[in-house]
Every structure is written in C-alpha cells, then in structure tokens.
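J.: the following comprises the amino acid sequence and a computationally predicted model.
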Amino acid sequence: MLFPTDMNDRLLTNFRSGTPSLCAYVFSHPNLVEVAGLAGFDCFMADMMFTALDWDEIAHLIRAARGTGISPMIRVQTYPWTDGTDTRTVSDVARALSLGATAVTISIASAEHMRSLLRLRSDWHRMIHLRRFANAAQFPSFAERVEAETLIVPTVESEGALEDLEAIFALDGIELVWLAAGDLTKILGVPYQYEHRKILDVVERAVKMGERHGAGVMYNLGLDSPDFESLVSAARRFFDLGVRVVGVDAVEWHLQMALSYIRQQTLGITEPT
C-alpha cells in the first residue's frame, strides 16, 4: 500500500465515489496514525504549520498510514495573513508529495497564491526514491498516474482567500477546498461559533460553488464539543449540508476525552476536570 490509488487509498476512493470522509488530526506520534487507521478513519491531517513536526517525523507518519489504510494529508508551513507568497511553500508541497502524501493542504492568501501551487500535481518526483518507470515510453502514463493520485487542497482561513473563494474553486485541478473553521469564524465576527448562521451560509455557498466546479468542501468541527455524542451530531449535520470531508480534531484530544470519561464514570465524578 505504498502508492495511493483509487483502489487502496480511502480518501481517493471515497472522493471518486462521492462517499463522505472523516479526517482526524495528528500532532505527534505514528502510533496515533495507526490508531486512527485501525479505527477506520479515512484520512489524517498532520500539521507542520503550528507544531514541531519535522520532515523525518512526517515520513514516519506516512509510513504508518500506508500500513493501516488511512490517507495522509500534510499541512505545510505558510502564513497567509501577510502580504506576498513565501516561495518556500512550493518546495515544501513538493517535498510532502515526494514522501508519499495523498494530499497536501496549504493556507493561502488568494487564488493567485493557489495557482502557483497547482502545477505540482504533475510533478514527477512523487516517491521517486521507491518507484520508477521502466523506459521513456512509459513516462506519460507514469505522469498521468501521479497527477491522478494527488490532491492539493487550499486552506481558506484568510480574508483574501475568502474573498477569492469562487475563483479558487474555479482553478483547474482543484478537487477539494478546506474551510478552516476557527479563523473563518473570527473573520466573520463570530469567534469560535462553528455553527453560527454566518459560517453556515459560507459553508452552504461553498458547497454550491463546489458543485458548479466539480469540487468538494472540507470543514473541521470546533474545539468546543463537550462529548462524543455532540461531535457525532455535528459531523452528521455538516455531511447533510453537503460537506465531503469533516475534520474531527486531534486524535490526542479524542484520547484525552475518552480517558476523562472512563475516569469520571469509574470514580463517580460528575463535574468535568
């Protein structure tokens, strides 16, 4: 399962068939990727933007993913709230793909920012350290396969990206757009109210844009889910709105919730700790 295809990669399989996907965030260890994979989650997102994850750790996370069937999505470092484009982002996207990520997500400042990244969908260095084409005649089909296996996902969480939302969906090669809930709620003046009418309007508008342009929407649930039942209900509501990929926050947080619940129930603790 080293190489993602429609047949062995959960996110690609679901995306091509129209099946909703659940994405867990992982901020630390490959074991947690395996836990999420064995639990049947479709993909995980490893955040290099606001964590200490380095490239060696990313390589291990991807290997863990391929062993348990979960699709790796890597969020590379960038900062869309300033002027200009950091050209290092392009090389970081290429590196994440070369290590075998199914998807790379980038927090962008504009549609033009995203345009410069989409050409990497056909970059031929994808896992080139492990696979080859036998001769020059096979290269065109190899390149087609590389492009078909690659999702480059814009993260919309800046004012510039939100203003360019339709233009982003219209870009050739866009299959999935992530509406990053936390910063979007702040832009809309309803901080961390993840199901406020203002944010739901944006989600619904984005789903319609996606339908027009043949792309899907990813949305992450908030940090305020008090229990698993609330989280499940929220995920279902966004799937019902037409969201294709729902992010349910970090495996580390889920584990903390589960252990807290076990402790409270075992010891008869009624107040949250």
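T.: Sure, I can see it. Numbering: from 1, shown residues only.

J.: every contact and neighbour count from this point should use C-alpha atoms.
T.: Fine.

J.: which residues of the stretch 51-200 of the chain score low on pLDDT?
T.: Applying pLDDT under 70 to the stretch 51-200 of the chain flags the ranges 83-86, 128-132.

J.: in it, which spans are helices?
T.: Along the stretch 51-200 of the chain, the stretches classed as helices by DSSP state H, counting those that start in this stretch are 55-68, 88-98, 111-118, 139-148, 159-163, 165-170, 181-187, 197-213.

J.: run through who's touching the fourth one.
T.: Outside of helix 139-148, the residues within contact range by C-alpha atoms under 8 Å, 6 or more residues apart in numbering are 5, 121-124, 126, 133.

J.: buried subset of these?
T.: When the contacts of helix 139-148 are checked for burial by 16 or more other C-alpha atoms under 10 Å, the buried set is 5, 121-122, 124, 126.

J.: distance to residue 50 for those residues - can I get that in CSV?
T.: Formatted as CSV, these follow (distance: C-alpha to C-alpha, whole Å):
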residue, distance to residue 50
5, 29
121, 24
122, 28
124, 29
126, 25
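
J.: closest one of the residues you listed to residue 38?
T.: Nearest to residue 38 out of the buried ones among the contacts of helix 139-148 is residue 5 (C-alpha to C-alpha; 19.1 Å).

J.: for residue 123, what are its contacts?
T.: 94, 143, 146-147.

J.: tell me which of the buried ones among the contacts of helix 139-148 is nearest to residue 195?
T.: Checking the buried ones among the contacts of helix 139-148 against residue 195 by C-alpha to C-alpha gives residue 121 as the nearest, at 33.1 Å.

J.: surely the closest one meets residue 174?
T.: No - using C-alpha atoms under 8 Å, residue 121 makes no contact with residue 174, being 10.0 Å away.

J.: between the helices of the stretch 51-200 of the chain, which gets nearest to residue 81?
T.: helix 159-163 (8.1 Å).

J.: show residues contacting the closest one.
T.: If you take C-alpha under 8 Å, 6+ apart as the criterion, helix 159-163 is touched by 108-111, 156, 168, 187.

J.: of those, closest to residue 241?
T.: Checking the contacts of helix 159-163 one by one against residue 241 (C-alpha to C-alpha), the nearest turns out to be residue 156, at 18.1 Å.

J.: for that closest one, give me its contacts.
T.: Residue 156 neighbours (C-alpha under 8 Å, 6+ apart): 107-109, 162, 165, 177-180, 184.

J.: farthest pair in the contacts of residue 123?
T.: Farthest pair in the contacts of residue 123 (C-alpha to C-alpha) is 94 and 143. Separation: 14.6 Å.

J.: still on that earlier bit, of the helices of the stretch 51-200 of the chain, which approaches residue 78 most closely?
T.: Nearest to residue 78, of all the helices of the stretch 51-200 of the chain, is helix 88-98, at 6.4 Å by C-alpha to C-alpha.

J.: ok, back up a step: out of the helices of the stretch 51-200 of the chain, nearest to residue 20?
T.: Using C-alpha to C-alpha, those put helix 197-213 closest to residue 20, at 13.3 Å.

J.: flag every buried residue along that closest one.
T.: Neighbour-count burial for helix 197-213 [16+ other C-alpha under 10 Å]: 199, 202-204, 206-210, 213.

J.: looking at those residues, spot the one nearest residue 17.
T.: Nearest to residue 17 out of those is residue 210 (C-alpha to C-alpha; 15.5 Å).

J.: verify the stated contact: the closest one with residue 169.
T.: Yes - with contact defined as C-alpha under 8 Å, residue 210 reaches residue 169; the gap is 6.3 Å.

J.: sorry, back to before: of residue 94 and residue 143, who's got more company?
T.: residue 94 (20 against 17; other C-alpha atoms under 10 Å).

J.: could you dump the contacts of residue 123 into CSV and include distance to residue 68?
T.: Converted to CSV, the contacts of residue 123 look like this (distance: C-alpha to C-alpha, whole Å):
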residue, distance to residue 68
94, 24
143, 26
146, 21
147, 23
